[in-house]
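Enquirer: prediction below, plus the sequence it came from.
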Amino acid sequence: MAEVPAPSATTVPHQTAHQTQHRTRTRTRTRQQTVRSSAPGGPAGPAGAPGSTGGSAAHAARGPRSVPGWLWSLPPVAALALVFLYPLALVVQQSFSPENGGGAFDAYASVFRSHSFREALGTTVWLAAGATVGCLVLGFVLALIIAFVPFPGAKAVAKFIDVFLSFPSFLITLALLFIYGTVGMANGLWTDVSGSAEGPFHFLTTPWGVLLAEITYFTPFVMRPLLAAFSQLDTAQLEVASSLGAKPARIIRRVILPEALPALAAGGSLVLVMCLNEFGIVLFTGAKDVTTLPMLVYGKAILESDYSAACVVAVVNIAISVGLFGLYRVVSKRAGA
């Protein structure tokens, strides 16, 4: 058997060097592929393809897809439509659909011709206007005293105004009933002193009693913006006017009142809107001869079961309130309230 010749000394080093270079090139290519596949947008595969490392890295770099803004508004709009707009639409529809048939505007014509509606509309307007004027005058005077006349407890009184705004309207009416009611404290004191069978205070069940209750309840709604306006007034103007010999009445007329006009307009507009829709004060005073638009809605719907007429009166009341509320928003924006 022929012997295999042993590799020469020059052949072995040559093969070993060739194998080492081959292994080095293989490791270098593997390392380069690893680096390229881990880089964002690398050529490991098409972007966005399943299992593509480069597409996943690019998607992670871009972040989650944002939700359109109009989608976020759908839940509150749907809730508002279900809770408020849908019942309001039913009221408007019922006002144009008389129960006894007829045209769409027959219910409106019948209500507008009725004496009770015209009387209720007039009573509502004059009570709201009178209460607004009374709140403006009383609120301006009280705000002046709290803001510019130093006395102990002025800050506590100003904070109580904020708390008073949260009171329900019937609570004030009940307080007035305890004082000026038929069996209230004032009449009880009169009968004890004079020995009369009854006291002289019976005005609470008249329109004047309703007016007093509304002024008492709604005056803080005028005082709050006035106090905010007075807190921003530069006291240096008052000091200069006083040093020049101006009397308090002139200072109020020439310096304070011009600064307070926007706040007065905003507070007066708000009080006017709230007085037009006030129901609890009229109901709790027991003024049977005082019928406002909210009381007429209650009477038509609950007592007479005339839902078409009640819806007509409600639509008129809503239209007046929305118009005045728009005016209030315009005035408040200009006043910065």
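Expert: Cool, the structure landed.

Enquirer: so after the helix or strand containing V297, what's the next helix or strand?
Expert: Under the criterion of DSSP states H and E, V297 resides in helix 293-298. Sequence-wise, the next helix or strand downstream of helix 293-298 (DSSP H and E) is helix 307-335.

Enquirer: so for that next one, mean pLDDT?
Expert: For helix 307-335, mean pLDDT is 84.

Enquirer: and if you look at stretch 133-143?
Expert: 94.

Enquirer: for the helix holding V297, what is the distance to the chain centroid?
Expert: Centroid separation for helix 293-298 versus its chain: 24 Å, with C-alpha atoms, centre = their mean, to the nearest Å.

Enquirer: again with stretch 143-151
Expert: 29 Å.

Enquirer: contacts for it?
Expert: 154, 157-158, 161, 222-223, 226-227, 230-231, 238, 252, 256, 260 (C-beta atoms under 8 Å, 6 or more residues apart in numbering). For the C-beta atoms, the positions are set from N, CA and C on the backbone; glycine is no exception.

Enquirer: so which of those residues belong to helices?
Expert: Among the contacts of stretch 143-151, the ones falling in helices (DSSP state H) are 154, 157-158, 161, 222-223, 226-227, 230-231, 238, 260.

Enquirer: could you dump those to JSON lines with neighbour count?
Expert: Shown next, in JSON lines, are those (neighbours: other C-beta atoms under 10 Å):
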{"residue": "A154", "neighbour count": "14"}
{"residue": "V157", "neighbour count": "14"}
{"residue": "A158", "neighbour count": "16"}
{"residue": "I161", "neighbour count": "19"}
{"residue": "V222", "neighbour count": "27"}
{"residue": "M223", "neighbour count": "28"}
{"residue": "L226", "neighbour count": "25"}
{"residue": "L227", "neighbour count": "20"}
{"residue": "F230", "neighbour count": "19"}
{"residue": "S231", "neighbour count": "9"}
{"residue": "L238", "neighbour count": "17"}
{"residue": "A260", "neighbour count": "22"}
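
Enquirer: how about JSON lines for those residues, with distance to G280 added?
Expert: JSON lines is the format used below for the ones in helices among the contacts of stretch 143-151 (distance: C-beta to C-beta, whole Å):
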{"residue": "A154", "distance to G280": "31"}
{"residue": "V157", "distance to G280": "25"}
{"residue": "A158", "distance to G280": "26"}
{"residue": "I161", "distance to G280": "20"}
{"residue": "V222", "distance to G280": "19"}
{"residue": "M223", "distance to G280": "21"}
{"residue": "L226", "distance to G280": "25"}
{"residue": "L227", "distance to G280": "26"}
{"residue": "F230", "distance to G280": "31"}
{"residue": "S231", "distance to G280": "32"}
{"residue": "L238", "distance to G280": "40"}
{"residue": "A260", "distance to G280": "30"}
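
Enquirer: with pLDDT and distance to A89 added, can I get these in JSON lines?
Expert: Shown next, in JSON lines, are the ones in helices among the contacts of stretch 143-151 (pLDDT from 0 to 100; distance: C-beta to C-beta, whole Å):
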{"residue": "A154", "pLDDT": "79", "distance to A89": "49"}
{"residue": "V157", "pLDDT": "86", "distance to A89": "45"}
{"residue": "A158", "pLDDT": "83", "distance to A89": "43"}
{"residue": "I161", "pLDDT": "85", "distance to A89": "38"}
{"residue": "V222", "pLDDT": "93", "distance to A89": "34"}
{"residue": "M223", "pLDDT": "92", "distance to A89": "38"}
{"residue": "L226", "pLDDT": "91", "distance to A89": "39"}
{"residue": "L227", "pLDDT": "90", "distance to A89": "40"}
{"residue": "F230", "pLDDT": "88", "distance to A89": "44"}
{"residue": "S231", "pLDDT": "86", "distance to A89": "44"}
{"residue": "L238", "pLDDT": "80", "distance to A89": "53"}
{"residue": "A260", "pLDDT": "88", "distance to A89": "41"}
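
Enquirer: ok, so of those residues, who is nearest S66?
Expert: S231 (42.8 Å; C-beta to C-beta).

Enquirer: which residues touch that closest one?
Expert: A147.

Enquirer: and the gap between it and L238?
Expert: According to C-beta to C-beta, to the nearest Å, S231 and L238 sit 13 Å apart.

Enquirer: what do you get for V210?
Expert: Counting by C-beta to C-beta - V210 and L238 are separated by 38 Å.

Enquirer: hang on, the earlier thing: now the helix holding V297: average pLDDT?
Expert: On average, helix 293-298 scores 92.
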